[in-house]
Every structure is written in structure tokens, then in C-alpha cells.
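Participant: sequence and predicted structure, then a few things I'm wondering about:
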Amino acid sequence: MSEVVLVAIIAGVFGTLGGGGIGLYLLKRKDIIIDLCKRVDRLAEGLQIGLENDIVIFEALRKKDINGNSVEQERKMHAYFAKFTTDSYKVKKR
């Protein structure tokens, strides 16, 4: 779904719920919604990595063996945290 369509849908929902002023404000400041969606995507990616970690850990415990999956999962976690740490130091354009 395009960012413009997403902004229109969210603003429309606020408008129909009696928050017409909020809906208009969000239409004017679509960058807020886009930023919020990106943050939710980050959280979802982190949760996915966490679930994958559980699978790898329980498999290693069952087999009593640390395998290549553990090493690969560690790389994924490092890349995830490094990417968002770097992003948080970037100057945001408004």
C-alpha cells in the first residue's frame, strides 16, 4: 500500500470517529504517520528476530548442540541492532 493511501485511510478513520480536526492535521502532516509506520515495522522486525531466537535456542537445547543456526541468528541480531543504532544518530529532515 502506498504511503499516500495509508495516510488518507488513517486520517479518514480519525475523521469518522469524531476527530475531524485530528484527521485534517494528519493529512497535512503525513510525515508523522509515515514515521510511525516505519517505527512499527522496526518493532515487528525485532519481534520476528526474537521468535526466531526462541526456535534456535530450543532446538539447541533439545539436541544439546550449538549449531550453525545459532551463529547465523547472532549475525541477524547484530545487524538489526547496528542498523537501528546507526539510524537513530542520523539527522532527520522535517
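Facilitator: Here it is on my side, so go on. Residues are numbered from 1 along each chain as shown.

Participant: now residue 32: which helix or strand?
Facilitator: helix 30-63 (DSSP states H and E).

Participant: for that helix, name the packing helices and strands.
Facilitator: Helix 30-63 sits against helix 3-16, helix 68-88, with contacts defined as 3 or more C-beta pairs under 8 Å, 6 or more residues apart in numbering; DSSP states H and E. C-betas here are computed from N, CA, C, even on glycine.

Participant: and residue 65, helix, strand or coil?
Facilitator: Secondary structure state of residue 65, per DSSP: H, G, I helix; E, B strand; the rest coil, is coil.

Participant: could you list the low-pLDDT ranges of the protein?
Facilitator: Across the chain, the ranges flagged by pLDDT under 70 are 1-27, 88-94.

Participant: give me that answer again for 90
Facilitator: 1-43, 45-46, 56-74, 76-78, 80-94 (pLDDT under 90).

Participant: for residue 81, give me its contacts.
Facilitator: Contacts for residue 81 (C-beta atoms under 8 Å, 6 or more residues apart in numbering) come out as none.

Participant: buried stuff in the helix holding residue 32?
Facilitator: 30, 33, 56 (16 or more other C-beta atoms under 10 Å).

Participant: could I get these as a markdown table with distance to residue 40?
Facilitator: As requested, the buried residues of helix 30-63 are arranged in a markdown table below (distance: C-beta to C-beta, whole Å):
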| residue | distance to residue 40 |
| --- | --- |
| 30 | 15 |
| 33 | 10 |
| 56 | 25 |
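
Participant: just the closest of those residues to residue 47, please.
Facilitator: residue 56 (15.1 Å; C-beta to C-beta).

Participant: my read is that the closest one contacts residue 70, right?
Facilitator: Yes: counting by C-beta atoms under 8 Å, residue 56 does reach residue 70; the two are 5.6 Å apart.
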